[in-house]
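S.K.: starting from these lines, generate the structure:
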Amino acid sequence: MKDIKDEKWVENIINNSVTSLNSQDLLEAALRDLSGSAGKKRGNFGICTGEPISQSGKRKQLAKMLALTFLPIICLTGVAVYFLQDTVAALEEGQKVRTYVEFSTQLGMFLHYLQRERDQSVLYMSDIGPSTKSYLAARYPETDKSLEDLTGWPVNAKIILRNPEFRSKNVFRSYLNDHRNRLDLLNNTILEELLFYTSIIDVIGNWLTDSITESKYGTVWRSLVAYQKIIFVKENVGLERALGQVFFVRGHFESNEYYSLYNRALHTARNEFRMAQNFSPMVIPLTELDIEVKGNKLSMVLSNYREEIQWRNNSEPKGDLKRSAHWYDQMTIFVNKLLDVQLEIKDTISSMIESDLNARYISVAVSSIFILLVFAFCPLVIRSVVKLTTNIQCYAITLADKTKELNREKHRTDSLLYQMLPQPVADQLKSKTDVSAEYFKEVTVFFSDIVGFTRISMQCTPMEIVTILNTIYRLFDEHIGLFDVYKVETIGESYMVASGLPTRNGNKHASEIANMSLDLLNTCNDIEFSNLATFEGKIRLRIGVHTGPLVAGVVGSKLPRYCLFGDTVNTASRMETYSLPHRIHISHTTYRLLDKTGCYIMQRRGDIEVKGKGHMTTYWLIGNVSSPSHNTDDVSKSNSALDKTRRPVAEQTQTVLPKNPVYGITRPELHNETKPLEPHLQTLSVASGAPTQNPPSYADIEAIFEEERGSPTIVQLTEGVHY
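M.R.: Numbers count the residues shown, from 1 in each chain. You can find the predicted model right below:
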């Protein structure tokens, strides 16, 4: 059942509650709601969390988003920088290796020319050499040039201490030139000449080893080792060539020292060559280096000469200059083949290093460009994140505003729903739970209406009637909120309240309704309408109360109503119908419950004839014990007058039978408005205490009882719907 109130008044209440807050208050309230619900789900706010709408929250959100954005960027930048450093280090290492390889190549060429100078010097000192020094002198510029081409001179204190002639390049050049100039004066033997150059070559060879060891370059170190081994092979082959030359010139070696030196050179060359083959596939086997010289295999020719040197009988010291020259020529061919292998390895190493360095350059360029792009995009990322955070905050503000508006509408909807249905029942309907009818063993029902409302309606305009009802029922609604009661509905001037449902309250329902009834009567004394010129006087209520069982439930689905069913509703309506102005008419059941409390002043009214119920003993609720003393004289007079003027129901005319059979209430002393009723009262006073022989017309009776009878609407409602 729905309370019919002024829609404009309801709208004003809602608008007043809304406009009492400005927009910032609404946002802050919505923010608190959102933050509170989010806080309950997540727990307390952390260090990096905050309200998304506030400036501090925006800064925290911005910091979080920037952190999440820049964390991978920083990681990628770190990885890029790491790889860039690694690439730069590898590039520097490659450049260093290239320097070492170039220096190793320079040392190799210097050793090559130094070997040629040594061999030419030995040849000059032998018997098969030229008589002049012109051929040997032609080798000196080549050696000097290769010495000048050396980009470094890697000496240390240990070398200087053992070989002071290697203190610097100039000192070594002077030392070498001094030996050349004094070659004819020194009268050195061939062995001494060999040892002179060999000692120099050994020092240079150690430099070559150190240079290759320092490179430590993973991609070419095997080729570098092979390159070094080929240089050492060529050095030992050159030494073998010089010693073999001496052997064939003299027919034998002068001492075993020569044999030892020759064999060491021969076997060292073979071992170094095998090692070079293991380190690089570019070192081809000796069989593939073999060539034909005048129809003979070079390897076979050299093998025969070597076998002859190994097994020559020293007892036949007979030299052969021709064979010595042939040996020299064949060995020179072999040395040149080794030089070709050396140069091929050197070119391969240089090509590998250049290719690797180019790749390193590209990697450095790519890494640098990537880092530059990262730093270039950082401002764009920051700007995008700031813009995104601002947009998120705008969306959050909009969401907060919409949430607040939604909450207001939800509260408004709930308020309207709670006006139509009890809150527990409405909550069940909202949760889509079936609401079944419920039986209540004992409930107290209250009915009231406004005395003379029809006359008031004729005197006032419709808007004034709405104003009067709004004023009355707003005040009533405020007062009934103080009691454990439920307002069922209002229709026109009729007011229906129940206690003990939908939530049971034990035996308190009768006391709650009694207290509320007394409070409403007192409230009516304070209601005035001084601003209405067409209405004068006070509002008087007629109240009826009854206690009994009933059934309550929700009826309908399109416009659900919480309805009460049972005889209790009808009886309570009859109590109100047969009540008097400004009186609380209660049934015997209600009287019995109130009497048990001992807190209320009640007076027996007597037995009355109630339509559909027969004779009922009813009572007047006058007040409660704690209230000031009540004057019961008026009530006693009303009861006696009622008994004298009551007519039996069977003798009533058919015109007034359905409405109100109580005729005792026509006593003029019970009303403030007596003048309009004087003619009728005079007619009725003649037949006081006896049935009237000539009853007044229907219009007269309606005018007389309009002041005193119950609302036809509520009677019809209780009879036709609730019962």
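S.K.: give me the three-state assignment for R504.
M.R.: Recorded secondary structure, R504: coil (DSSP: H, G, I helix; E, B strand; the rest coil).
S.K.: surely it and F440 touch.
M.R.: Yes: if you go by CB atoms under 8 Å, R504 and F440 touch, sitting 7.0 Å apart. C-beta: built from backbone N, CA, C; applies to glycine.
S.K.: between the two, who's got more neighbours?
M.R.: Counted by other CB atoms under 10 Å, R504 and F440 do not tie: F440 has more neighbours, with 19 against 13.
S.K.: what about the more buried one, distance to T597?
M.R.: Distance, F440 to T597, using CB to CB, to the nearest Å: 20 Å.
S.K.: what about the longest strand in this protein?
M.R.: Looking across the chain with DSSP state E, the single longest strand is strand 541-555.
S.K.: show me what that one is packed against.
M.R.: strand 438-450, helix 509-524, strand 561-565, helix 567-577, strand 583-587, helix 588-597 (3 or more CB pairs under 8 Å, 6 or more residues apart in numbering; DSSP states H and E).
S.K.: pLDDT below threshold where in the stretch 401-550 of the chain?
M.R.: Residue ranges of the stretch 401-550 of the chain with pLDDT under 70: 530-537.
S.K.: re earlier: same list, the helices and strands packed on strand 541-555, but as a markdown table with distance to E464 please.
M.R.: Below are the helices and strands packed on strand 541-555 laid out as a markdown table (distance: least, CB to CB, whole Å):
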| stretch | distance to E464 |
| --- | --- |
| strand 438-450 | 14 |
| helix 509-524 | 18 |
| strand 561-565 | 29 |
| helix 567-577 | 25 |
| strand 583-587 | 27 |
| helix 588-597 | 35 |
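S.K.: of all the ones you listed, which lies closest to E102?
M.R.: Set against E102 and scored by CB to CB, those come closest in strand 561-565, at 104.5 Å.
S.K.: avg pLDDT for the closest one?
M.R.: Across strand 561-565, the average pLDDT comes to 86.
S.K.: how far off strand 541-555 does it point, in degrees?
M.R.: Comparing the axes of strand 561-565 and strand 541-555 via axes from the mean of the first three to the mean of the last three CA atoms, to 10 degrees yields an angle of 110 degrees.
S.K.: to the chain's geometric centre, what's the distance from strand 561-565?
M.R.: The chain centroid and the centroid of strand 561-565 are separated by 51 Å under CA atoms, centre = their mean, to the nearest Å.
S.K.: what is the mean pLDDT for the helix or strand containing I212?
M.R.: Following DSSP states H and E, one finds I212 within helix 190-215. Throughout helix 190-215, pLDDT has a mean value of 81.
S.K.: what is the next helix or strand after it packed up against?
M.R.: Moving toward the C-terminus from helix 190-215, the next helix or strand (DSSP H and E) is helix 221-250. When contacts are defined as 3+ CB pairs under 8 Å, 6+ apart, helix 221-250 packs onto helix 55-125, helix 190-215, helix 256-279, helix 298-311, helix 321-420.
S.K.: mind listing what's buried in helix 221-250?
M.R.: Using 16 or more other CB atoms under 10 Å as the test for burial, helix 221-250 gives 221, 223-250.
S.K.: one more: stretch 137-156?
M.R.: For stretch 137-156, burial by neighbour count (16+ other CB under 10 Å) applies to 139-140, 142-143, 146-147, 150, 155.
S.K.: mean confidence for that stretch?
M.R.: Stretch 137-156 shows a mean pLDDT of 87.
S.K.: how about stretch 55-68?
M.R.: Across stretch 55-68, pLDDT averages out at 75.
S.K.: how far does it sit from the chain's center?
M.R.: When distances are taken as CA atoms, centre = their mean, stretch 55-68 is centred 12 Å away from the chain's centroid.
S.K.: give the buried residues for it.
M.R.: For stretch 55-68, a neighbour-count test (16+ other CB under 10 Å) marks 57-58, 60-62, 65-66 as buried.
S.K.: just put the residues you listed in CSV and tack on distance to K430.
M.R.: Converted to CSV, the buried residues of stretch 55-68 look like this (distance: CB to CB, whole Å):
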residue, distance to K430
G57, 33
K58, 36
K60, 37
Q61, 35
L62, 40
M65, 39
L66, 44
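S.K.: now, which of those residues sits nearest T589?
M.R.: Closest approach to T589 among those (CB to CB): G57, at 63.1 Å.
S.K.: hang on, the earlier thing: quick one, the longest strand of the chain and helix 321-420 angle?
M.R.: Using the same axes, to 10 degrees, strand 541-555 lies at 140 degrees relative to helix 321-420.
S.K.: C-alpha coordinates for strand 541-555, PDB please?
M.R.: Coordinates of the C-alpha atoms in strand 541-555 are reproduced here as PDB (Å, rounded to 0.1, in the frame of the first residue of the first chain):
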ATOM      1  CA  LEU A 541      -9.100  12.700  14.900                       C
ATOM      2  CA  ARG A 542     -11.300   9.700  15.300                       C
ATOM      3  CA  ILE A 543      -9.200   6.700  16.300                       C
ATOM      4  CA  GLY A 544     -10.000   3.000  16.500                       C
ATOM      5  CA  VAL A 545      -7.700   0.200  17.700                       C
ATOM      6  CA  HIS A 546      -8.100  -3.500  17.800                       C
ATOM      7  CA  THR A 547      -5.700  -6.500  18.500                       C
ATOM      8  CA  GLY A 548      -5.900  -9.900  16.900                       C
ATOM      9  CA  PRO A 549      -4.400 -12.300  14.400                       C
ATOM     10  CA  LEU A 550      -4.000 -11.600  10.700                       C
ATOM     11  CA  VAL A 551      -2.000 -12.600   7.600                       C
ATOM     12  CA  ALA A 552       0.300 -10.200   5.800                       C
ATOM     13  CA  GLY A 553       1.900 -10.600   2.400                       C
ATOM     14  CA  VAL A 554       2.900  -8.900  -0.800                       C
ATOM     15  CA  VAL A 555       0.200  -8.800  -3.400                       C
END
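S.K.: that strand vs helix 588-597, what angle?
M.R.: Using the same axes, to 10 degrees: strand 541-555 against helix 588-597 is 110 degrees.
S.K.: now strand 541-555 and helix 509-524, what's the angle there?
M.R.: Interaxial angle of strand 541-555 relative to helix 509-524 (the same axes, to 10 degrees): 130 degrees.
S.K.: sheet partners, orientation included, of strand 541-555?
M.R.: Sheet pairing for strand 541-555, assigned by DSSP bridges, gives strand 438-450 (antiparallel), strand 561-565 (antiparallel), strand 583-587 (parallel).
S.K.: from those strands, which stretch is densest packed?
M.R.: Mean neighbours per residue, mean count of other CB atoms under 10 Å, is largest over the strands paired with strand 541-555 for strand 583-587, with a mean of 27.
S.K.: other residues contacting it?
M.R.: Contact partners of strand 583-587, identified using CB atoms under 8 Å, 6 or more residues apart in numbering, comprise 514, 517-518, 521, 542-547, 571-572, 575-576, 578-579, 594, 602, 605, 616, 618-622, 635.
S.K.: got the angle for that strand vs helix 567-577?
M.R.: Interaxial angle, strand 583-587 versus helix 567-577 (the same axes, to 10 degrees): 150 degrees.
S.K.: between the buried residues of stretch 55-68, which sits nearest T490?
M.R.: Among the buried residues of stretch 55-68, and counting by CB to CB, the member closest to T490 is G57, at 48.6 Å.
S.K.: how close does that closest one sit to R118?
M.R.: From G57 to R118 the distance is 88 Å (CB to CB).
S.K.: do the same with Q277
M.R.: Distance from Q277 to R118, by CB to CB: 26 Å.
S.K.: which SS class is S436?
M.R.: With three-state DSSP as the basis, S436 sits in coil.
S.K.: one more: T151?
M.R.: Classification of T151 using three-state DSSP returns coil.
S.K.: and S579, by the same measure?
M.R.: Note that with three-state DSSP, the state of S579 is coil.
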